[in-house]
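Asks: below is the sequence, then the predicted model.
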Amino acid sequence: MRLTTEQVHFAWDSSLAPATVVAPGDRVELDTLDASAGQLTPASVGADITSLAFDRVNPVTGPIAVTGARPGDALVVRVLAIDVEEWGWAAVIPGFGLLADDFTEPEIVHATTTGGVVQLPFGPRLASVPMIGTLGVALPDPGAHPLLPPSRFGGNLDIRHLTAGSTIRLPVGVPDALLSIGDAHATMADGEVCGTGVETRAHVVVEVDVDAGAAPPAPILETSPVTQRTGAALVTTGVGPDLMTGARDAARAMVDEVVRRTGISPAHAYVLCSLTADLVISEIVDVPNYVVSLHLPISVLG
């Protein structure tokens, strides 16, 4: 069974008719749109970011009805393959992202993905680790619910470890679950600090199953070793009583350090952090101050 980009939707809604019906153990192939739903193209410039229709972003393909899935069960989704297109984009979007107050001008960064490598226009070559940004099931509350933000039923989780070879378990919210998938990235870092990874179209293959009576309280993942980063890293920190402030402090320090070491623009350094610098809570037990750290592979600094 294969779903195409003609079968996308823009909200979680339990009243949507299934695009297909499958049984536990079946495989499904899905074609997914990029996060802009095609509003951005290889010819787009920064100014095009300001005209994005945000009610059309982050489309998901589906929904997939899984026979026999009921509230109280776990829907088990095994990601078998993610093949991304050769072109993608990242962006600074005014009003969006961890450092929205610092970066108020729109900017688009075009990227190509070939041979397992993501090439950016300002130098760094990044490993392509395709992942799924949005995967979820219909919420039990009636009506349409925005794809952003995520919930305990999944959605725009943006966990970079949701790659081929990983498995995710979701609580089922409504009969037949109504699974949908979208928002693929060619690469993305933990935290996605500027608000985008390398956004791209993709072909995704999953296998679905049902674990009766085993609904987790929120999504649980088993990851693939492909997501493990190795090698030396540059680490900046934010220290204080508020985790969000700490995250911003760590991100600002990293942007400044990348600019100092490479000479690229602050906006490009910000995007680079979103693609490959992992945001981590390093310490949360020494009340009242916590430590947030941002880890950038030194290899991308050239």
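Replies: It's in.
Asks: and the nearest residue to residue 194 once chain neighbours are set aside, its phi and psi?
Replies: Residue nearest to residue 194 in three dimensions, not counting chain neighbours: residue 274, with 3.8 Å by Cβ to Cβ, 6 or more residues apart in numbering. The way it works is simple: take the backbone N, C-alpha and C, and place the C-beta from them, glycine included. Reported as degrees, to the nearest 10, the phi and psi values for residue 274 are phi -70, psi -30.
Asks: can you list the low-confidence ranges for the protein?
Replies: For the chain, no stretch is flagged by pLDDT under 70.
Asks: quick one, domains of it?
Replies: In terms of domains, the chain is parsed into 2-225, 231-301 (source: automatic domain parsing).
Asks: can you list those domains in JSON lines and add mean neighbour count?
Replies: Formatted as JSON lines, these follow (neighbours: other Cβ atoms under 10 Å):
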{"stretch": "domain 2-225", "mean neighbour count": "19"}
{"stretch": "domain 231-301", "mean neighbour count": "18"}
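Asks: contacting residues for the closest residue to residue 58 other than its chain neighbours?
Replies: Nearest residue to residue 58 in three dimensions, chain neighbours excluded: residue 147, at 4.7 Å (Cβ to Cβ, 6+ apart). Contact partners of residue 147, counting by Cβ atoms under 8 Å, 6 or more residues apart in numbering, are 10, 11, 12, 57, 58, 59, 60, 134, 155, 156.
Asks: report the two of these separated the most.
Replies: Spatial extent of the contacts of residue 147 (Cβ to Cβ) is set by the pair 12 and 57 at 14.4 Å.
Asks: for the longest helix anywhere in the chain, packing partners?
Replies: The longest helix of the chain (DSSP state H) is helix 243-262. Packing partners of helix 243-262 (3 or more Cβ pairs under 8 Å, 6 or more residues apart in numbering; DSSP states H and E): strand 233-240, helix 266-276, strand 278-283, strand 290-297.
Asks: how far is it from where the chain is centred?
Replies: Here the centre of helix 243-262 is set off from its chain's centre by 21 Å, with Cα atoms, centre = their mean, to the nearest Å.
Asks: likewise stretch 71-91?
Replies: The answer for stretch 71-91 is 9 Å, by Cα atoms, centre = their mean.
Asks: with stretch 112-119 instead?
Replies: 18 Å.
Asks: what's the span of it, first residue to last?
Replies: By Cα to Cα, to the nearest Å, the extent of stretch 112-119 from end to end equals 5 Å.
Asks: run through who's touching that stretch.
Replies: Residues outside stretch 112-119 that contact it (Cβ under 8 Å, 6+ apart) are 84-88, 111, 125-128, 186-187, 198, 200, 275.
Asks: with stretch 229-238 instead?
Replies: 245-251, 253-254, 257, 278, 282, 291-299, 301.
Asks: show me where the stretch 51-200 of the chain has its strands.
Replies: 60-66, 74-84, 87-92, 107-114, 117-119, 125-127, 131-137, 145-146, 154-155, 167-171, 179-185 (DSSP state E, counting those that start in this stretch).
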